[in-house]
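Undergrad: Sequence first, then the predicted structure, then my questions.
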Amino acid sequence: MPGFIDRMLTLDRRWIFLFVLVSVATPIIYPIGLPVTTTGSTRAAFEYIEALKPGDVVWISFDYGPSSAPENDPMAEAIMRQCFTKKVRVLVSVFYPLGGLGLANSAVAKVTAEFPDLKYGEDYVNLGYKDGAAAVMHRLGDDISGPFPTDVNGRPIGEIPMMRGIHDIRQVKLVFTAATGIIGEWWITQVHSQFGTPIIIGPTAVSAPKYYAYLNAGQLLGMLGGMKGAAEYEKLLAGAHPELAKFYKTTRAFTATKGMDGQTVIHTVILAFIVLGNYAFFRARAAKKRGAA
Amino acid sequence: MNLEFGRVALVVLFGILPIIGIAMGLRAPSLRSRIPIFIGIFAGFIPIVALYVPKAFLSGETGMSSRLDLWLIILAAFALLLGIVNVVQNSSRKIGRREKGWPYAVVLLTGLAVTGSFGIYGAVTGHGIGFMPDGSSTPFKWVEDRFFQPLQSTIFSLLAFFMASASFRAFRARNAEASILLVAAGLVMMGRVPLLEFLAAPIPPLHAAAASASQFLGKLTEWIMDTPNGAAQSGIIIGAALGAASMAIRVILGIERGYLGLGKGE
């Protein structure tokens, strides 16, 4: 066994890469169906949207790029599905410059196609991308048409039926930001702190730890932390709205629930690597001490 | 003509004053920094004062602070343009001098030109950069879906491979601090995923025990994230905010002048 571990420690790292590839890809191609347990911050987000009334407005902001799309796409899509099921109107915006608008357009097209009764301009509006996120958010407290004079198609905001009666961010019941980087924090500091609009955030797993401070301070209403948060949301959504369960049972489309299988396997692999590496480290240190003695 | 006080004041402060500043700078280089500092002071003070003074000319919908926000949005768009100019300049220089990796600069410039021209084409034809009226992708979206998105995802996904390799070779319990980090990381990694259920899957008698242990680990993970992590993050955020506030005060008061990009004696 010690000889085997010593050999493992000098293993060419390309073997490790191959092992990781197989470990991640296999559960995505052949889902295991591992259970997902829900956390308080995700349940709080879900219950708040469940309590909204038909006609209320939710602002969904796509503040991420393709690099974190497997984590952020499922959460943004799940929130949109929940809103449309509950006849809650949706405003879409994008503040992430590197590919955010393309992802938003694709997600909106995908989810709205699942609800054939929806009408653009009455049930949802895509405001498109705007640069200078912090200044735009601050300005939303005065009026939405200032920073967004037209929608993504160039149609003046004033001509869109849904926008009548939505003058500024105070008329929005909730902002959900699927965010990577600092944009999520700006929603808290520029919008919630100044205008009181509740915020739910869907950060990547790597940036989720910092948002616990905002959750504890009551400045965030809820959080969907990374792919795990998205998988929790999918579970809650499929449980509360059986008609939506079909979107999460298909074997072809990627879902966060499916992604969690891959994440579980890779966490197991990385933990095994850490244990193996530390075992060899302590063995080598003990041998060195014995040699010195 | 609309001669609101706020609008006139903004034109004076950010239109006429800079012109006077440029003229002064041309006549006497030592005066070059004066007007930019004044502009910095006003640009910093106006939004702060607007928070506390509920006067229409300051904090109203068309007040000075709101207009400054809109100007900032326009300026941010110009920053993107500056970024493009910078990329073109640097890449062209690299290609011209045949520096190491110059073929990558050719690929970069080609990508910029092709994607940019498709974007301009979308703007000129009115189709935008999303979908055509028949639901098919615009040329810009086609490039984005088939090149940009897969490439960015690929670069980011490489992290998984490097993290696995690094965890194997470098994540060691060398001292007390590293050991605490290692244990916390291990617990969070186990608690965030149904790892125990996965390991117990081939052994049915262990399923119930694995499920309850997994629940306990999940709660422990939430406690770690909520309490020690939340407290540390609060400290970091408050510290960073205080630092940013003090830097802002230095800029507003004209003490911090690094952003002016001036030489010695100016």
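TA: Here it is on my side, so go on. Residues are numbered from 1 along each chain as shown, chains lettered A, B, ... in the order given.
Undergrad: Spatially central residue in the chain, please.
TA: Just going to use chain A. When Cα atoms, centre = their mean is applied to chain A, the residue found nearest the centroid is A:Asn72 (3.1 Å).
Undergrad: wait, I meant chain B there
TA: Chain B, centroid-nearest residue using Cα atoms, centre = their mean: B:Ala76 at 11.7 Å.
Undergrad: Can you name every helix or strand that the strand or helix carrying B:Ala244 contacts?
TA: Using DSSP states H and E, B:Ala244 maps to helix B:230-252. Applying 3 or more Cβ pairs under 8 Å, 6 or more residues apart in numbering or on different chains; DSSP states H and E, one finds that helix B:230-252 makes contact with helix A:208-216, helix B:34-52. Backbone N, C-alpha and C define where each C-beta goes, glycine included.
Undergrad: Mean pLDDT per helix and strand in chain A: which one sits at the bottom?
TA: The least trusted helix or strand in chain A, going by mean pLDDT, DSSP states H and E, turns out to be helix A:2-9, with a mean of 70.
Undergrad: For residue 174, which residues are in contact?
TA: You didn't pick a chain, so chain A it is. A:Tyr48, A:Ile49, A:Leu52, A:Val58, A:Trp59, A:Thr197, A:Pro198, A:Ile199, A:Ile200, A:Leu221 (Cβ atoms under 8 Å, 6 or more residues apart in numbering or on different chains).
Undergrad: wrong one, chain B
TA: So B:Arg174 contacts A:Phe281 (Cβ under 8 Å, 6+ apart).
Undergrad: Likewise for A:Gly218?
TA: A:Gly218 touches nothing, counting by Cβ under 8 Å, 6+ apart.
Undergrad: separation between it and A:Gly229?
TA: 19 Å (Cβ to Cβ, to the nearest Å).
Undergrad: ok, back up a step: which non-adjacent residue is nearest the residue nearest to the centre of chain B?
TA: In space, B:Ala76 comes closest to A:Gly132 once its chain neighbours are excluded; the distance is 3.1 Å by Cβ to Cβ, 6 or more residues apart in numbering or on different chains.
Undergrad: What degree of burial does that neighbour show, as a neighbour count?
TA: By other Cβ atoms under 10 Å in any protein chain shown, 22 other residues sit near A:Gly132.
Undergrad: so what's B:Met1 scoring on pLDDT?
TA: Note on B:Met1: pLDDT of 56.
Undergrad: Likewise for B:Ala240?
TA: For B:Ala240, pLDDT reads 96.
Undergrad: can you check A:Thr39 too?
TA: For A:Thr39, pLDDT reads 92.
Undergrad: Enumerate every residue touching it.
TA: A:Gly225, A:Gly229, A:Glu232, B:Gly218, B:Glu222.
Undergrad: my guess is the fourth one meets A:Thr37, correct?
TA: Yes: the pair formed by B:Gly218 and A:Thr37 meets the contact definition of Cβ atoms under 8 Å, at 5.3 Å.
Undergrad: hang on, the earlier thing: tell me which element the residue nearest to the centre of chain A falls in.
TA: Using DSSP H and E, A:Asn72 falls in helix A:69-85.
Undergrad: and that helix, how far out from the chain's middle?
TA: 8 Å (Cα atoms, centre = their mean, to the nearest Å).
Undergrad: ditto for stretch A:52-59
TA: 20 Å.
Undergrad: go on, stretch A:231-242?
TA: 15 Å.
Undergrad: pLDDT averaged over that stretch, what's the number?
TA: 92.
Undergrad: Using CSV, write out every CA atom in it.
TA: This file holds the C-alpha atoms of stretch A:231-242, laid out as CSV (Å, rounded to 0.1, in the frame of the first residue of the first chain):
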residue,chain,number,x,y,z
ALA,A,231,-31.0,22.3,-7.8
GLU,A,232,-32.8,23.1,-4.6
TYR,A,233,-35.0,25.5,-6.4
GLU,A,234,-35.8,23.0,-9.2
LYS,A,235,-36.8,20.5,-6.5
LEU,A,236,-39.1,23.1,-4.7
LEU,A,237,-40.6,24.2,-8.0
ALA,A,238,-41.3,20.7,-9.3
GLY,A,239,-42.8,19.8,-5.9
ALA,A,240,-45.1,22.9,-5.7
HIS,A,241,-46.0,22.9,-9.4
PRO,A,242,-46.3,19.4,-10.8
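Undergrad: wait, does it contact chain B?
TA: No: Stretch A:231-242 lies out of reach of chain B by Cβ under 8 Å from any Cβ of the partner chain, never closer than 9.6 Å.
Undergrad: how about A:Thr177, what does it touch?
TA: A:Ile60, A:Ser61, A:Asp63, A:Ile183, A:Gly184, A:Trp187, A:Ile199, A:Ile200, A:Ile201, A:Gly202.
Undergrad: for A:Gly146, helix, strand, or coil?
TA: coil (DSSP: H, G, I helix; E, B strand; the rest coil).
Undergrad: I'd like to know how far it sits from B:Arg169.
TA: A:Gly146 is 53 Å from B:Arg169, by Cβ to Cβ.
Undergrad: Looking from chain A, tell me which residue of chain B is nearest.
TA: B:Ala76 (3.1 Å; Cβ to the nearest Cβ).
Undergrad: Hmm, that residue is touching A:Ala135, no?
TA: Yes: using Cβ under 8 Å, B:Ala76 is in contact with A:Ala135, at 6.9 Å.
Undergrad: contacting residues around residue 138?
TA: Going with chain A. A:Gln190, A:Gln194, B:Asp69.
Undergrad: not quite, I wanted chain B
TA: Contacts of B:Thr138 (Cβ under 8 Å, 6+ apart): B:Phe118, B:Gly122, B:His127, B:Gly128, B:Ile129, B:Gly130, B:Phe131, B:Met132.
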